[in-house]
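> Structure for this input, please:
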Amino acid sequence: MTNKMICRITLTVFILPMLVSLSGCKEKPEARQAAPPEVEVVAIEQRDVPIYREWVGTLAGDVNATITAQVSGYLISRDYLEGSVVTNGQVLFQIDPAPFKATLDKAKAQLAQAQAQQEKYALDVKRYRPLAKTEAISQQELDDAIQNEKSAQAQVEADQAAVEQASLNLGFTTIRSPLDGVAGLAKAQVGDLLGPSSGQLTTVTKVEPTRAYVSVSQQVMTDVMERRLAEGKGTTRTGEAPQLELVLASGSVYPLKGRILFANNQVDVKTGTITVVGEFPNPQMLLVPGMFVRVRAILDTEKNALLVPQRAVTDMQGRYLIAVVGADNKVSIRPVVAGERFGQEWVITGNVKAGDRVVAEGIQKVREGAVVNPVPFAEKTAAASTAAAPKAEEKRP
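Model prediction:
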């Protein structure tokens, strides 16, 4: 083998590994770092918050009048529309008055007869007195005449009472509403024989104002009275604050405020509650007796309370946590104590302060120490825009 061939083989042996090495040393593309997860945050607010207490209650009319027949007779007409508003004195039912008118006429005739008899005896006494003085008649005859006059006078009074009774009975054949209110269903039909033992014919309920009955725990009542004493007020429970609000079955709040009328004078030993009666104006008759409602009252005010949206609080087996986003966008999971709920917000206490940013949406994306991309809470922004919208429209020409 020549020297020239040996040199070529040597160069090939050295160059090939170098080429292979250089081809393996090409720069690998760097793996892209994952972007921080986007979460919606809201600042913790601090303000005074009213503390509500809420109870389930039932509505009832201020007055519930049961309409019954006071005399016996056949019903000849029903003169009201069931479920309609009636006024004091309006005719509801009419019982056949003919027999009662006949009885009244008879009583009047008997009264007239008694009055005539009494007048005759009065004339006898007037005539006998001077005759008795001259002994033209005996004293016995005068005394008999006087007694006859008194007896006739008593009969007149008895017959007058009979006329009054017959007149009342005739009046009772026309059954009227004793108050302004709403009339209920008729329990009697035309042609029925009615009487005092027939039972209820209908009801008339005064619904303006309307009462609300709730059962309040004795602990709450005691707390309220102790607070009043601490404020230098009395412990009376009649006709005073707090004002009441009514939440209807639809979830809407009744626009008119109510007031407490009174509380019962004893605790129900079976439930440990006291019945409290409230009163609400009902001019449009939206409130119907028998409705189930929620009654709430502001019993206290929590000063400088910290509030966050309820969705920002996570319940972990009875332990409440929130995710706080720091200035460096790092997440800190902190335990808090959840207090009263106020609308869609929750009063909290703990290692937090007003202005701290908490995660309200995307809480499942975060963990302790993780870096996030915080954006404003969409619901909060939308609510603020909605509240401001009517004012913007008012400025339009």
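
> Might you report the residue contacts of the residue nearest to Thr203 when sequence neighbours are not counted?
Closest residue to Thr203 apart from its sequence neighbours, by C-beta to C-beta, 6 or more residues apart in numbering: Gly184 at 4.3 Å. C-betas here are computed from N, CA, C, even on glycine. By C-beta atoms under 8 Å, 6 or more residues apart in numbering, the contact set of Gly184 is Glu82, Gly83, Thr202, Thr203, Val204, Thr205.

> shouldn't the fifth one be in contact with Thr87?
No. Checked against C-beta atoms under 8 Å, the pair Val204 and Thr87 is beyond contact range at 10.0 Å.

> out of those two, which sits in the busier spot?
Using other C-beta atoms under 10 Å, the more surrounded residue of Val204 and Thr87 is Val204, with 25 against 10.

> need the strands for the stretch 201-350 of the chain, in chain order.
244-247, 259-263, 273-280, 292-309, 314-316, 319-325, 331-342, 345-350 (DSSP state E, counting those that start in this stretch).

> so which of the ones you listed comes closest to Glu149?
Glu149 lies closest, by C-beta to C-beta, to one member of these: strand 259-263, at 58.5 Å.

> partners of that closest one in the sheet?
Partners of strand 259-263 in the sheet, by DSSP bridges, are strand 273-280 (antiparallel).

> Now the strand it pairs with: average pLDDT?
On average, the pLDDT along strand 273-280 is 89.

> If we go by neighbour counts, what in that strand is buried?
Thr273, Ile274, Thr275, Val276, Val277, Gly278, Glu279, Phe280 (16 or more other C-beta atoms under 10 Å).

> Next, count neighbours for the residue nearest to the first one when sequence neighbours are not counted.
The reference is to Thr273. Ranked by C-beta to C-beta, 6+ apart and with sequence neighbours excluded, the top spatial neighbour of Thr273 is Ser215, at 3.9 Å. By the measure other C-beta under 10 Å, the count of residues near Ser215 is 16.

> roughly how far apart are Ser215 and Gln113?
64 Å (C-beta to C-beta, to the nearest Å).

> And for Val182?
48 Å.

> just Gly171 next, same as before
24 Å.

> for Phe377, same thing?
Distance from Phe377 to Gln113, by C-beta to C-beta: 96 Å.

> higher neighbour count, those two?
Phe377 (22 against 13).

> For stretch 339-349, measure first residue to last.
8 Å (C-alpha to C-alpha, to the nearest Å).

> all helices of this structure, in order?
3-24, 98-133, 139-172, 218-230, 378-394 (DSSP state H).

> ok, for Pro242, nearest residue in space, not its chain neighbours?
Closest residue in space to Pro242, ignoring its immediate chain neighbours: Ala297 at 4.5 Å, by C-beta to C-beta, 6+ apart.

> residues contacting the one you found?
Contacts of Ala297 by C-beta under 8 Å, 6+ apart are Tyr52, Arg53, Pro242, Gln243, Leu244, Glu245, Ile260.

> List just the nearest of those residues to Arg367.
When the contacts of Ala297 are compared against Arg367 (criterion: C-beta to C-beta), the nearest one is Tyr52, at 35.6 Å.

> Tyr254 versus the spatially closest residue to the closest one that is not a sequence neighbour, what's the distance?
Spatial nearest neighbour of Tyr52, excluding adjacent residues (C-beta to C-beta, 6+ apart): Arg296 at 4.9 Å. From Arg296 across to Tyr254, the span is 11 Å (C-beta to C-beta).
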